[in-house]
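[1] kindly generate the corresponding structure for this input.
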Amino acid sequence: MKCQNDCLVSIVVPTLNEEKFIGNFLRSLKNQTYKNFEVIIVDGGSSDGTLKIAKEYHAKTIVQPNTPEFESRDIGGKRGKGEILLFTSADVVFRTDTVQRVVNEFEEDKSLGAICGPGKLYNAPLWARIEYALYYTLLGVWTRITKDFNGSTNFMAVRKKVFNKIGGFKDRIDADGYFLNQVGNNTKARFISNFSILISGRRARKMGFIGFNTHFFYVLDAFFPFFRETKIIKVLENYSLSYRRKQKSLVPL
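    Numbering: from 1, shown residues only. Alright, predicted model coming up:
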């Protein structure tokens, strides 16, 4: 049974100086075929026009200066009134049926706790687009075979009651993947390979091939669960976290 207009979705987005991208994202929400949603912007203290643009699109804004990304997502998730929480990022663009498809997934399977799907880069170097496609193809195969779930809050939806039960995101650089893994261990999760959103290729352009891959090398632990809590992965995660802090970056891969 499909939810028509009685299922509220809370779309949670952390921001920090995102005026170049937030307008495109909010326009894509305005064009959604499913209309019963709220947008919650948790801002880390933007000094540009991010909040002005957000208010023009009637998004709810919460300003929390110097708040890290996943803590911002937790704040938005707890404030969200929807039965479904949809976590995403400011440089994402949704297709017109994205929210409707999210709602349909949860309505058609009442036991489903969370879903995620692949990202598809736009305005990115060819090598980055190939890497993204390969990573998410392998991730889709991996989750189907092992039921060991991983994913990104570029696009992740979870029932509010499941989010509360898990306790939100932990204070760790891989908090999104770790969270989805916990959901999969406690209830039902699903990786939907044919359900993609568009993500800006700005990080790949800015960091270049070597910098980008060095920075995000730790994501390979998605395929090697026995490495997840080892020293080498912790070293890679700490390196990536240090880089983000220097760049004052709020949003990851």
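[2] any regions of this structure where pLDDT drops low?
    Residue ranges of the chain with pLDDT under 70: 1-5, 215, 217-218, 220-253.
[3] got the buried residues for whatever helix or strand residue 212 lives in?
    Assigned by DSSP states H and E, residue 212 belongs to helix 202-215. Using 16 or more other Cβ atoms under 10 Å as the test for burial, helix 202-215 gives 203, 204, 207, 212, 215. Every residue, glycine included, has its C-beta placed from N, CA and C.
[4] and what of stretch 98-117?
    98-106, 112-117.
[5] equivalent analysis for stretch 120-129, please.
    Going by neighbour count (16+ other Cβ under 10 Å), the buried part of stretch 120-129 is 121, 124, 128, 129.
[6] mind putting the residues you listed into CSV with distance to residue 76 and secondary structure?
    Formatted as CSV, the buried residues of stretch 120-129 follow (distance: Cβ to Cβ, whole Å; DSSP: H, G, I helix; E, B strand; the rest coil):
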residue, distance to residue 76, secondary structure
121, 25, strand
124, 27, coil
128, 28, helix
129, 29, helix
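[7] quick one: these as TSV, columns for distance to residue 146 too.
    Shown next, in TSV, are the buried residues of stretch 120-129 (distance: Cβ to Cβ, whole Å):
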residue	distance to residue 146
121	26
124	29
128	26
129	26
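[8] about what we covered before: please save the CA atoms from the helix holding residue 212 in PDB.
    Output of helix 202-215 as PDB, limited to C-alpha atoms (Å, rounded to 0.1, in the frame of the first residue of the first chain):
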ATOM      1  CA  ARG A 202      33.400  19.300  -6.000                       C
ATOM      2  CA  ARG A 203      35.600  17.300  -3.600                       C
ATOM      3  CA  ALA A 204      37.200  15.300  -6.400                       C
ATOM      4  CA  ARG A 205      37.900  18.400  -8.400                       C
ATOM      5  CA  LYS A 206      39.400  20.300  -5.400                       C
ATOM      6  CA  MET A 207      41.400  17.400  -3.900                       C
ATOM      7  CA  GLY A 208      42.600  15.700  -7.100                       C
ATOM      8  CA  PHE A 209      43.100  12.000  -7.700                       C
ATOM      9  CA  ILE A 210      45.800  11.300  -5.000                       C
ATOM     10  CA  GLY A 211      44.300  13.600  -2.300                       C
ATOM     11  CA  PHE A 212      40.800  12.300  -2.800                       C
ATOM     12  CA  ASN A 213      41.700   8.600  -2.700                       C
ATOM     13  CA  THR A 214      44.100   9.000   0.200                       C
ATOM     14  CA  HIS A 215      41.500  10.900   2.100                       C
END
